[in-house]
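In: sequence-free structure coming up:
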Ligand code: F0G
């Protein structure tokens, strides 16, 4: 018998307090920080859904592994455990540990980016795009049309448009494309998975044109679970098997170990190419550290090695994907427009549809995110024109979608926390017609969403 209630497949081992606040207090807190949710003190947040990155709870086995960490500068046994755990899932020849995902991106694009280069992906995440653009290369998103339509029910909305990719390669010239990337799951596009068939298609195109193919694999296990659940012929496979097959289709990967590897910090770059690995290791030494620890302590490497074994548990992944859907489906049922189907690590509210009276350049996503905080102390994250609107040439263009992401930290909140979030969203839905937009009063030259200040219009 299958029961309706999804129980967390763990029990609480250590707790951290949540400080209760009132709406009046939160109105003051958010005004004080220029209406930027990144600038809030997290003690003033009740349910922190800003990100699923590094915010998860570690298991007792991970904490035990931390005690086992060996802090030798070179050749630590903790490094060997980490490397074996990575290669067990992603059997690339070279593993280069970094302190988080963007450090791996910085190293990779310093090595292969640069002026005149173009790098296609289904959708680049913001740090990936920023690192590509910082190298003076251009980041190009070629996700399928359904991936840009929040209400399309396509099961793999993270897929690359293969026809567009091949056309792009022919128009751009192979020599100008140092790598093709695929983000699994597609974070900026709604946490949507990529099918195995599509990954095979991208891999075949890359082989045909002899272009390296790299995965941005932060949420690889969630993506593999979706493949198991949704793709014909995959339902009986172990996710480990699916993950290895995905890895085998690519030539390398960048990784933020703050997501599916269940760490609070960490990342890596892995690849097969000896020459490129050599260049990357030298860059690693310049900014991160010696190649057997990168930006990490031995204890972090150990925690990640254990996390990589826990995240592929079918019980865990079933709970993870179903509990995210529990929130998303509840919001959808009450009439809040959300990106469908519900993604793996987050629920994305379509602020453009919820607040049609607020123009894109008055930031409907920001307006919604601020309101969720004021009403219920929930911190989400705008993924729209604030995040993507400012172009390298200084112009401002509305983003393709105006989303607010409620990202679910792994193994951190219980169903009652999520039931509370659902109640708060119901109240925000009532207030939606009366919400106003925002203007930006101050912004940095790049990645403005982190530090910009806003004022209500
Ligand atoms: N790639 C993707 C798809 C990501 O989602 C992230 C981070 C990164 C790369 C960079 O990794 O943070 O370890 O440097 N995403 C976080 C988020 C920040 O909230 O979605 P990092």
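Out: Cool, the structure landed. In this text the structure is predicted, and so the values were computed from the model without any measurement.

In: Other residues contacting stretch 225-234?
Out: 155-156, 185, 193, 195-197, 235, 237, 239, 242, 314, 317-318, 320-321, 344 (C-beta atoms under 8 Å, 6 or more residues apart in numbering). (C-beta placed from N, C-alpha, C; glycine too.)

In: In helices only, show me these.
Out: Among the contacts of stretch 225-234, the ones falling in helices (DSSP state H) are 196-197, 239, 242, 314, 317-318, 320-321.

In: Tell me how many other residues surround the residue in the stretch 1-150 of the chain positioned nearest to the ligand.
Out: Closest residue of the stretch 1-150 of the chain to the ligand, C-beta to the nearest ligand atom: residue 101 (2.5 Å). Residues near residue 101, counting by other C-beta atoms under 10 Å, number 26.

In: Find me the pLDDT at the residue lying closest to it once chain neighbours are set aside, would you?
Out: Nearest non-adjacent residue to residue 101, counting by C-beta to C-beta, 6 or more residues apart in numbering: residue 256, 2.8 Å away. Looking at residue 256, its pLDDT reads 98.

In: hang on, the earlier thing: switch the ones in helices among the contacts of stretch 225-234 over to TSV; also include neighbour count.
Out: Shown next, in TSV, are those (neighbours: other C-beta atoms under 10 Å):
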residue	neighbour count
196	23
197	15
239	24
242	22
314	13
317	22
318	15
320	25
321	22
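
In: right, and out of those residues, which lies closest to the ligand?
Out: residue 320 (15.5 Å).

In: My guess is that closest one contacts residue 346. True?
Out: No. Residue 320 is beyond contact range of residue 346, at 11.4 Å (criterion: C-beta atoms under 8 Å).

In: I'd like the distance from stretch 388-398 to the chain centre, please.
Out: Distance of stretch 388-398 from its chain centroid, counting by C-alpha atoms, centre = their mean, to the nearest Å, is 22 Å.

In: One more: stretch 431-451?
Out: Centroid displacement of stretch 431-451 relative to its chain, using C-alpha atoms, centre = their mean, is 21 Å.

In: Quick check: end-to-end length of that stretch?
Out: Terminal residues of stretch 431-451 lie 27 Å apart, using C-alpha to C-alpha, to the nearest Å.

In: can you list the residues that contact it?
Out: With contact meaning C-beta under 8 Å, 6+ apart, stretch 431-451 is reached by 34-36, 38-39, 126-127, 130, 133-134, 354-355, 357-359, 362-364, 366-368, 370-371, 375, 382, 386-387, 390, 452-457.

In: These, buried ones only, as a PyMOL selection?
Out: Here is the PyMOL selection string for the buried members of the contacts of stretch 431-451, based on 16 or more other C-beta atoms under 10 Å:
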select buried, resi 34+35+36+126+127+130+133+354+355+358+362+363+364+366+367+368+370+371+375+382+386+387+390+452+454
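
In: Intersect the contacts of stretch 431-451 with the contacts of the ligand.
Out: Contacts with the ligand within the contacts of stretch 431-451, as defined by C-beta under 6 Å from any ligand atom: residue 127.

In: Flag every residue of the protein that's near the ligand.
Out: 51, 53, 100-102, 125, 127-128, 183, 187, 216, 218, 256, 258, 267.

In: now do 5 Å
Out: 51, 53, 100-102, 125, 127, 183, 187, 216, 218, 256, 258 (C-beta under 5 Å from any ligand atom).

In: so which of the residues you listed comes closest to residue 119?
Out: residue 216 (11.0 Å; C-beta to C-beta).

In: how about the residue of the stretch 1-150 of the chain closest to the ligand, what does it touch?
Out: Residues near residue 101 by C-beta under 8 Å, 6+ apart: 127, 216, 218, 254-258, 267.

In: Now residue 302, what are its backbone angles?
Out: phi -70, psi -40 (degrees, to the nearest 10).

In: Let me know the distance separating it from residue 75.
Out: Distance of residue 302 to residue 75, computed by C-beta to C-beta, to the nearest Å: 15 Å.

In: now residue 213
Out: Separation of residue 213 from residue 75 (C-beta to C-beta): 31 Å.

In: If anything else comes up later, I'll come back, but that's it for now.
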